[in-house]
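# requesting a structural model of the entry that follows:
(2 chains, ligands or ions: 2)
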Amino acid sequence: MQEMLRVEKLKMHFGGLKAIDGLDLVVHDKETLGIIGPNGAGKTTLFNCICGVYKPTDGKIFLKDEEVQGKEPFEMARKGVARTFQISKPLRDISILDNVVAALGINEYTGFGSILKKSHKKEIVDKALEIIERTGLKEFKDKKAREVSLGYLRRLEIARALAINPLLIMLDEPCAGLSNFAINEVIDLVMQLKSEGKTIVLIEHNLPISMKVCDRLAVLNFGQKIAEGTPKEIQANPQVIEAYLGEEDDDHVNA
Amino acid sequence: MYFTVVAVNVGIFVLLALSLNIIIGYAGQSAMGHAAFFGIGAYTSALMTSTMGISFWISLPVALIVTGIIGAVLGLISIRLKDDFLAITTIGINFVVVAIFQYSEIFGASLGMTVSKPLFFGVKMTAPMYLTLIFILIVLTCLFINKMNKSWFGLALASIRNDEMAASSLGIDVNKYKVLAFTLGTAIAGLTGAVYAHFMTFIYSSDFAFIVSISIISMVVVGGIGTIKGAIFGAVLLGVAPELFRFLADYRMIVYGGLLVLMMRFQPQGLLGDNSFIMRNISKIFANIKKQKGGGQNAGNA
Ligand SMILES: Nc1ncnc2c1ncn2[C@@H]1O[C@H](COP(=O)(O)OP(=O)(O)O)[C@@H](O)[C@H]1O
Ligand SMILES: [Mg+2]
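Ligands and ions are numbered 1, 2, ... in the order given. Model (predicted):
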């Protein structure tokens, strides 16, 4: 199987805090890899390192065969790494349609020259509408992003990620804070992307969801990978049960 | 004559407000020293025409380019700063630039600079000619901003204004675009300064003091940040008011300052901004007219 992404001995330290501490990870072409682990395990930090938001303290990141650690976020986006944010980051004062159009422009942001090129050409708007349609945002397309609810902002994040026509889609807890109904819709959308052969990395705190959606799971704890395997293997792994599933059981007892 | 002079002055404020709006309205960067670039353009062109004897018409584009380059360099230095830091840095730039004008011999130091009257086909430029020139520049600037807003460049600025991290995740080089917005805005301010210097025929460092930057900001904020009509309306309103109400002129800064505070508190989007009190009512009125028209037709059909 071909590799899409390889993370080698990655370290991301914030002062004394080792948010990522010597992580190795491989994402294969066309697979859906789930990242699970308790709060503060370093999942979002891993995304931020891969996307160039943080410059890793140490280690290497390869996209296909290219070394990419330390690149700027806009460069990673142009190289085909799309990401959604755990805390939605809509472009609030422009419409949903314009949010998606902005993402479709990924290769147009060349500098002064981009003043001469009109953004809302018909083929671009049509493409944006197509993405809006499949992400279930049609009825809100002319609404300002600040006017729509969290569930739709999550879809907008996915819509924008699709619009950059990525090699790799990284979703950071796309279901967090949503109603069951909205969660199912997001899951359907992810399953659809998966069936189209997209390569996906999914951070999902909720185990049943990641078990259902992912081909493989990697478990993070304290910035290290404590287990990796198919959902079945992970479910049976004693270390995981102790670090993660056990804790989940406690939650249920408390609840 | 008096009317023409006031109109030219208001027109200069319109250009300054439109250009500052590119930086604070479209790109969302808190630039507080716009008058510095107005001054750089003014002194650059004055130096060219009055010290070096070069034509005013050549000094116009040169003032635009020189100011734009200085704007780009200062932009590059300060662009990684956010909000209040950028605001304070740009205020600092304003003070430093004014001090340079005030203490440099080539800029006339504390005596200011006398600027020679330019010729237009052999005749000395008159106030109506300046008014025509300003009007043409305003129209060109509006056309340019309009084109910018419909382009990928405009969408990049809108993205940055909303969320820098989101913008960069869409492939936008945030720092580069901020510098470009800064370059455009300061360049137009420089061009305006060149016209101002020759219209006034005398410039002095305090013409470009921080207080002038505050006036321009007030115009953009009062009119409506991030819209062409808002910037024009704000500049005309605050430019004309002190002329109409003479007693206001002495208290100009109190009025501007007070207006800034009131706008921020009650109408941060500006009088003509998106979703402002006035715009909401205007769109209501239009909706009603449409309804009535539609209703009339239906009645006719029935
Ligand atoms: N920019 C930062 N500065 C300091 N600490 C950070 C920063 N980003 C994340 N951290 C810390 O790194 C750890 C991992 O956080 P994060 O990656 O967000 O966890 P999660 O697995 O819940 O997504 C946490 O302890 C968090 O406080
Ligand atoms: Mg997280």
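
# please identify the helix or strand for the residue of the stretch 151-300 of chain B found nearest ligand 1.
Closest to ligand 1 within the stretch 151-300 of chain B is B:Met165: 12.0 Å, counting by C-beta to the nearest ligand atom. From N, CA and C alone the C-beta is placed, and that goes for glycine too. Following DSSP states H and E, one finds B:Met165 within helix B:164-169.

# check whether that helix contacts chain A.
Yes: interface with chain A: helix B:164-169 contributes B:Met165, B:Ala166, B:Ala167, B:Ser168, B:Ser169 (C-beta under 8 Å from any C-beta of the partner chain).

# got the CA coordinates for that helix in PDB?
What follows is helix B:164-169, C-alpha atoms only, in PDB (Å, rounded to 0.1, in the frame of the first residue of the first chain):
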ATOM      1  CA  GLU B 164      -6.300  34.400   9.700                       C
ATOM      2  CA  MET B 165      -6.000  30.700  10.500                       C
ATOM      3  CA  ALA B 166      -8.900  29.700   8.400                       C
ATOM      4  CA  ALA B 167      -7.600  31.900   5.600                       C
ATOM      5  CA  SER B 168      -4.200  30.200   5.600                       C
ATOM      6  CA  SER B 169      -5.900  26.800   5.600                       C
END
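
# state the next helix or strand along the chain beyond the top helix by length along chain B.
Ranked by residue count under DSSP state H, the longest helix found in chain B is helix B:174-200. Sequence-wise, the next helix or strand downstream of helix B:174-200 (DSSP H and E) is strand B:202-203.

# in the stretch 51-200 of chain A, which spans are strands?
A:58-63, A:66-67, A:81-83, A:168-172, A:199-203 (DSSP state E, counting those that start in this stretch).

# contacts for the fourth one, please.
Going back to what we said before, that points to strand A:168-172. Strand A:168-172 is contacted from outside by A:4-5, A:27, A:43-44, A:47, A:50-51, A:63, A:80-86, A:158, A:161-162, A:190, A:193, A:198-204, using C-beta atoms under 8 Å, 6 or more residues apart in numbering or on different chains.

# just want the angle from that strand to strand A:58-63.
Relative orientation of strand A:168-172 and strand A:58-63, computed by axes from the mean of the first three to the mean of the last three C-alpha atoms, to 10 degrees: 120 degrees.

# for ligand 1, give me its nearest residue in the stretch 1-150 of chain B.
B:Lys82 (15.0 Å).

# got the domain boundaries for chain B?
Following automatic domain parsing, chain B resolves into domains at B:2-271, B:275-302.

# pLDDT on the longest one, on average?
Just to be clear, that refers to domain B:2-271. Averaging pLDDT along domain B:2-271 yields 91.

# now find how far off-centre it is within its chain.
Averaging C-alpha positions (C-alpha atoms, centre = their mean, to the nearest Å) puts domain B:2-271 4 Å from its chain's average.

# most neighbours of all the residues of helix B:164-169 next to chain A, which one?
B:Ser169 (29 neighbours; other C-beta atoms under 10 Å in any protein chain shown).

# now do the contacts for that one.
Taking C-beta under 8 Å, 6+ apart, one finds A:Cys51, A:Pro73, A:Phe74, A:Ala77, A:Ala82, A:Arg83, A:Phe85, A:Lys89, A:Arg160 in contact with B:Ser169.

# if I read this right, the last one contacts B:Gly171, doesn't it?
Spelled out, it's A:Arg160. No: taking contacts as C-beta atoms under 8 Å, A:Arg160 lies outside contact range of B:Gly171: 10.8 Å.

# among these two, which residue is more densely surrounded?
Set side by side, A:Arg160 and B:Gly171 show more neighbours around A:Arg160, with 28 against 24, by other C-beta under 10 Å.

# so the more buried one versus A:Lys30, what's the distance?
22 Å (C-beta to C-beta, to the nearest Å).

# could you grab the helix/strand/coil label for A:Leu33?
The three-state assignment at A:Leu33 reads strand, by DSSP: H, G, I helix; E, B strand; the rest coil.

# which ones are touching it?
A:Leu25, A:Val27, A:Ile200, A:Val201, A:Leu202, A:Cys214, A:Asp215, A:Arg216, A:Leu217, A:Ala218.

# go ahead and confirm A:Lys143 touches A:Ser95.
Yes: using C-beta under 8 Å, A:Lys143 makes contact with A:Ser95 at a distance of 6.4 Å.

# where does chain B get nearest to ligand 2, residue-wise?
B:Met165 (14.4 Å; C-beta to the ion).

# surely that residue and A:Thr84 touch.
No: with contacts counted by C-beta under 8 Å, B:Met165 stays clear of A:Thr84, the gap being 11.8 Å.

# what is the longest helix of chain B packed up against?
helix B:2-21, helix B:34-46, helix B:56-78, helix B:127-149, helix B:152-162, helix B:164-169 (3 or more C-beta pairs under 8 Å, 6 or more residues apart in numbering or on different chains; DSSP states H and E).

# rerun that using 6 Å as the cut-off
Applying 3 or more C-beta pairs under 6 Å, 6 or more residues apart in numbering or on different chains; DSSP states H and E, we find helix B:174-200 packed against helix B:2-21, helix B:34-46, helix B:56-78, helix B:152-162, helix B:164-169.

# many thanks, I have nothing further to ask.
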